[in-house]
Structure formats: C-alpha cells, structure tokens
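[1] Compute the structure for the input listed below.
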Amino acid sequence: MIHARIAIAMFASTALPAMAVDMEKIAPGREINTTAGLDIASAYIFRGMTVNKNPVLQPTLKLQSGGLTIGAWGNQALDAEETEVEQEVDAFASFDIPLEAVTLSLGYTEYIYPDSELDNDQEIMAKISLPTLLNPSLAAYHGVGGGILDSNYYELGLKQEVFAQSGVSGTLGGTLAYLDRKEGEDGLSHLTLSAAAAYKILAASVNYVVETDEDVNDLEEQEQLFVTTGASYTF
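    Numbers count the residues shown, from 1 in each chain. Sure thing, here's the model as predicted:
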C-alpha cells in the first residue's frame, strides 16, 4: 500500500502539471472523456528490453476529445535492483486523422526519470492503422532528444478479438519490431506475442518476448515473460 501511495503521488506531482491544458480551447464543443487506470505487472519490459525484473505499479491518466489524446503513464518499481530505474513518468499527446481507408496517428512522448540523473528522452511518432481483419498497424518512432536522439524504432502490429460473450472479451496479438539506432547493431529487435482478456473495467494479459537477432537484442539475461492485471475507468 505504501508503494501504491508513492506511485500515485509521484505520478500526480510529475505528470499533472504537464497536462494542465485547456481542452475546451483545443477541441471546442467536443465531449471530453477521462480515463484513469492502474496496472500491476510482473516485470517492466519496454520494446523488448527489461527495465525492471520485479513487479511494478503502472498508473495511467488520459483525456480524449475527438481525435486528440493527451495523458501520462507512470512506472513505479516495487523492488528495483541496483542498476534499474525506479521511477518513470511518460507525458504524451497524439492526434488521430481518419483518412479514406486508414487512420493516421501523429504523436509526441517525453520520458521522465524523476529519481535518476538521466536526461529526459523525447520522441515523435507516426502510425497507420487499418480497421480490418487482424487490425494491422505500422508505427515509426524517432528520437528527438535525450539518450534516444536520432534513433529510430519501427513496429508492425496485428491484433484480433477472438471471443466476446457475457461481457468477457479475449484478444490475441503480436508485434514485430525493427531497431535503427545511432550506435550499435541495426535489425529486427524482437517479436512480442500477447493474449489478453477483459471484463468491464478489469483486464489482464500474458506477454512473451521472442528473440529475433541476438546481435540486436540479446534476451539471454533478460525477462521474456510478463503478466499484467489491472483496472481502468472512463468517465
């Protein structure tokens, strides 16, 4: 419980000032939806790389109006190892543009590390999604500041709902990633396979990271399986 209070306080004090935006001016006359959530994960794995090997708390807060989304996401390690980052807060904004056959999303994320001496990372994003069978998507991320400056990350995703009955739904998905970084080997980074289930405000998922090229991302000393469970509510 103490860790939960620390995570929520850290999240609110760091992220909420960055979200102090007058949504009515950005999207006048549109309905504004607010979503708040909290997940517990067995480990924090980001783009195939293990950030925290032990359980973490991950709160989320976002506002949506029309195609505009702004929000923040946090990570609080419950038992950080000596070389790990204990806290992270990501502030993000994105805008969806419906085109004739696809949806184009443009976005920006700033990765903040409150308890470390690491510089903030900044990243821009462009993503194309096709609302059809398997819901294919292709996203490109470009680092514009911090330790990811001039690095590129590409991700091809597939996701399909496999059942929905009595309020319970199940989804299978996968993402294949390509890493093009400023230093180090470029190539296919990893494949992530996921199975998720949801009931009303509750959700859980099982995720497994598959190594595709050990010269790009060697997973031998990293976590590859992680489980998340949590709840979110939109009002």
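
[2] Low-confidence stretches in this structure?
    Where the chain drops to pLDDT under 70, the residues are 1-29.

[3] where along this structure do the strands fall?
    Using DSSP state E, the strands of the chain run over 33-41, 44-46, 49-52, 56-65, 68-77, 87-98, 103-112, 121-129, 137-145, 152-165, 168-180, 187-199, 202-211, 225-234.

[4] which non-adjacent residue is nearest Gly184?
    Using CB to CB, 6 or more residues apart in numbering and skipping residues adjacent in sequence, the residue nearest Gly184 is Val216, 7.7 Å away. In short, each C-beta sits where N, CA and C put it, glycine included.

[5] got it, and Asn54?
    With CB to CB, 6+ apart as the criterion, Asn54 has its nearest non-adjacent residue at 4.2 Å, and that residue is Asp79.

[6] Ala43 versus that neighbour, what's the distance?
    To Ala43, Asp79 is 11 Å away according to CB to CB, to the nearest Å.

[7] where do the contact lists of those two overlap?
    Counting by CB atoms under 8 Å, 6 or more residues apart in numbering, the common neighbours of Asp79 and Ala43 are Asn54, Pro55.

[8] When those two are compared, which one has more neighbours?
    Legend: neighbour count by other CB atoms under 10 Å for Asp79 and Ala43, higher for Ala43 (20 against 12).

[9] list the contacts for the more buried one?
    Ala43 makes contact with Thr50, Asn52, Lys53, Asn54, Pro55, Val56, Glu223, Phe226 under the criterion CB under 8 Å, 6+ apart.

[10] Now do the same contact list for the fifth one.
    Each residue near Pro55 by CB under 8 Å, 6+ apart is listed here: Ile40, Ala41, Ser42, Ala43, Leu78, Asp79.

[11] Now that we have those residues, can you turn them into TSV and tack on distance to Leu176?
    Shown next, in TSV, are the contacts of Pro55 (distance: CB to CB, whole Å):
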residue	distance to Leu176
Ile40	27
Ala41	22
Ser42	23
Ala43	21
Leu78	31
Asp79	31
